[in-house]
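Student: here is a sequence with its predicted model. Questions after.
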Amino acid sequence: MKKWISLLSVLALWGCNTENPSDKSEPQETAESTMESSSQSETVAEESAPEPEVPEEKRISFVGVGDNLIHDNIIWAAETPEGSYDFSHMYDNIAADVENADLAFLNQETIFAGPDYPYAGYPSFNTPEQLGHNMVDLGFDLVNGATNHTLDFGADGATYALNFWDQFDEVLYTGAFLTEEDSYVIPTIERDGVTFSFLAYTYGTNGIEPDTDWRINYFDEEKIRYDVAQAKEVSDVVIVSAHWGDEDTTEVNEFQRYYGQLFADLEVDVVIGTHPHVIQPIEWLKGENGNDTLVVWSLGNLLAHALADKNTLGGMVSFDFVVTEEGTTIENVLFRPTVSHFTYHYNDNGRLKRKFKIYYLDDYTDELGAEHGLNEYEGIAVSPANYQAQVDAVIPSEYLIQ
């Protein structure tokens with residue numbers, strides 16, 4: 001093409017010379033000069049030719065936290081003088097990281113069954129919906145609704161929670177559904193032109209049967225295969241929330257292994273595990289097509305009033321989705337341990353209450369450990385060193401801040 005442009009330039013200049021008598025005296029010199037100038041232009045054009053385009057890279061940051069397990073004492077600690085609730089101060093130390101992430105995942109372990117039922121903790125949890133407002137204000141936009149407590153107050157409680165979360169356009173709350181049609185719709189959210197699917201499943205609902213066979217997503221291989229296939233049709237990245245595993249053990253069980261491998265074989269990008277109330281390992285699983293799936297088996301408890309230090313230890317996982325024309329990779333995987341800290345105090349009426357606050361373990365001090373409500377309870381010694389020892393025994397070192 002450049003040669004054709006040069007030749008046309010020469011012919012154009014020759015045409016101009018026939019019209020200008022002053023140029024006719026030295027046509028050869030003018031032609032040579034024109035050819036030389038054209039050759040120089042061609043060389044400059046070649047030198048300034050743009051480099052081949054590098055595929056555009058999009059980097060979307062993700063953070064995820066574990067079980068938001070709201071016991072009675074946490075509800076009481078959130079009471080305000082006006083008779084409402086405010087949980088926001090309990091999350092102050094993680095607020096910036098949640099807000100700054102492009103995507104933030106929360107396992108809302110306990111249901112918002114509404115004011116027609118008493119607000120309560122274990123065994124049938126009903127959490128004040130003000131907590132939901134606080135979580136939205138923090139910046140959580142992916143919320144798991146498929147837990148073993150979703151049906152603690154039956155279909156009515158689940159429906160109230162679904163209607164509550166449905167008012168927030170910026171939040172995907174999934175795993176439970178208002179209608180059968182909803183149960184077949186793949187929830188998606190977009191960031192920087194990249195579409196993410198968000199699927200959620202639970203192992204069970206504490207023996208409480210749903211009112212329909214579509215109200216809640218249970219682990220079911222046929223259903224999962226269908227959902228993931230549909231998700232891959234409508235999105236660039238597939239995220240799964242998996243409510244699974246045995247409580248109070250850091251060991252991954254056979255059920256988790258089976259479905260974790262299924263998700264890998266189906267080319268899910270990442271699986272975030274919840275429910276055991278203790279941390280479990282982080283692992284890459286190889287899918288049958290050679291892909292790698294990131295599996296966080298359990299993030300432990302984010303906030304809880306527990307009677308064992310292992311149940312007050314959780315973590316925030318963070319990483320980047322790196323999306324190019326060639327596909328999606330996950331980079332910079334990091335596990336940052338958290339502590340659900342609480343202390344005792346008495347209010348003005350002499351009522352014993354507790355104060356709750358989430359801390360990152362790297363900000364937790366010996367002084368805070370000495371104040372923890374579990375310290376010296378049944379021989380428990382709460383300290384940063386003891387928490388760190390638990391983390392080191394479970395989480396591979398390459399995912400920890402060194």
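Tutor: Received the coordinates, thanks.

Student: report the distance from stretch 144-155 to the chain centre.
Tutor: Distance of stretch 144-155 from the chain centroid (Cα atoms, centre = their mean, to the nearest Å) equals 21 Å.

Student: partner strands of the top strand by length along the chain, with direction?
Tutor: In terms of residue count, the longest strand belonging to the chain (DSSP state E) is strand 327-346. If you go by DSSP bridges, strand 327-346 pairs up with strand 313-324 (antiparallel), strand 352-360 (antiparallel).

Student: which parts of the helix or strand that contains Q261 are buried?
Tutor: Assigned by DSSP states H and E, Q261 belongs to helix 254-265. Of the residues in helix 254-265, Q256, Y259, G260, Q261, L262, F263, A264, D265 count as buried by neighbour count, 16 or more other Cβ atoms under 10 Å. Just so you know, the C-beta spots here come from the backbone N, C-alpha and C atoms, and that holds for glycine as well.

Student: which segments of this protein make up each domain?
Tutor: Domain segmentation of the chain under automatic domain parsing yields 2-47, 58-399.

Student: per-stretch mean pLDDT over those, give me the minimum one.
Tutor: When mean pLDDT is averaged over each of the domains of the chain, domain 2-47 scores lowest at a mean of 41.

Student: list the buried ones in stretch 131-147?
Tutor: 131-136, 138-147.

Student: closest to G193 out of those residues?
Tutor: Of all the buried residues of stretch 131-147, D141 has the smallest distance to G193: 16.6 Å, by Cβ to Cβ.

Student: surely that closest one meets I189?
Tutor: Yes - here D141 reaches I189: they are 6.6 Å apart, a contact under Cβ atoms under 8 Å.

Student: all the strands of the protein, residue numbers only.
Tutor: 58-68, 103-107, 142-144, 172-174, 188-191, 194-202, 237-243, 270-274, 282-286, 292-296, 301-303, 313-324, 327-346, 352-360.

Student: dump the first one to CSV, restricted to CA.
Tutor: Below are the C-alpha coordinates for strand 58-68, written out as CSV (Å, rounded to 0.1, in the frame of the first residue of the first chain):
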residue,chain,number,x,y,z
LYS,A,58,-8.5,-5.7,32.8
ARG,A,59,-7.8,-6.1,36.4
ILE,A,60,-10.7,-6.4,38.9
SER,A,61,-9.9,-6.7,42.6
PHE,A,62,-11.8,-9.1,44.9
VAL,A,63,-12.1,-9.5,48.6
GLY,A,64,-14.1,-12.2,50.5
VAL,A,65,-14.9,-12.8,54.1
GLY,A,66,-16.5,-15.7,56.0
ASP,A,67,-19.4,-16.3,58.3
ASN,A,68,-21.3,-13.2,59.6
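
Student: now it and strand 292-296, what's the angle there?
Tutor: Orientation check (axes from the mean of the first three to the mean of the last three Cα atoms, to 10 degrees): strand 58-68 against strand 292-296 gives 30 degrees.

Student: in its sheet, what does strand 58-68 sit against?
Tutor: Here strand 58-68 has these sheet partners by DSSP bridges: strand 103-107 (parallel), strand 301-303 (parallel), strand 313-324 (antiparallel).

Student: what about the shortest one, distance to the chain center?
Tutor: A distance of 16 Å separates the centroid of the chain from that of strand 301-303, by Cα atoms, centre = their mean.

Student: please apply the same query to the last one.
Tutor: Averaging C-alpha coordinates over strand 313-324 and over its chain gives two centres that are 7 Å apart (Cα atoms, centre = their mean).

Student: can you check stretch 223-232 too?
Tutor: Computed by Cα atoms, centre = their mean, the chain-centroid distance of stretch 223-232 equals 19 Å.

Student: tell me which residues of it come out buried.
Tutor: For stretch 223-232, the neighbour count (16+ other Cβ under 10 Å) marks I224, D227, V228, Q230, A231, K232 as buried.
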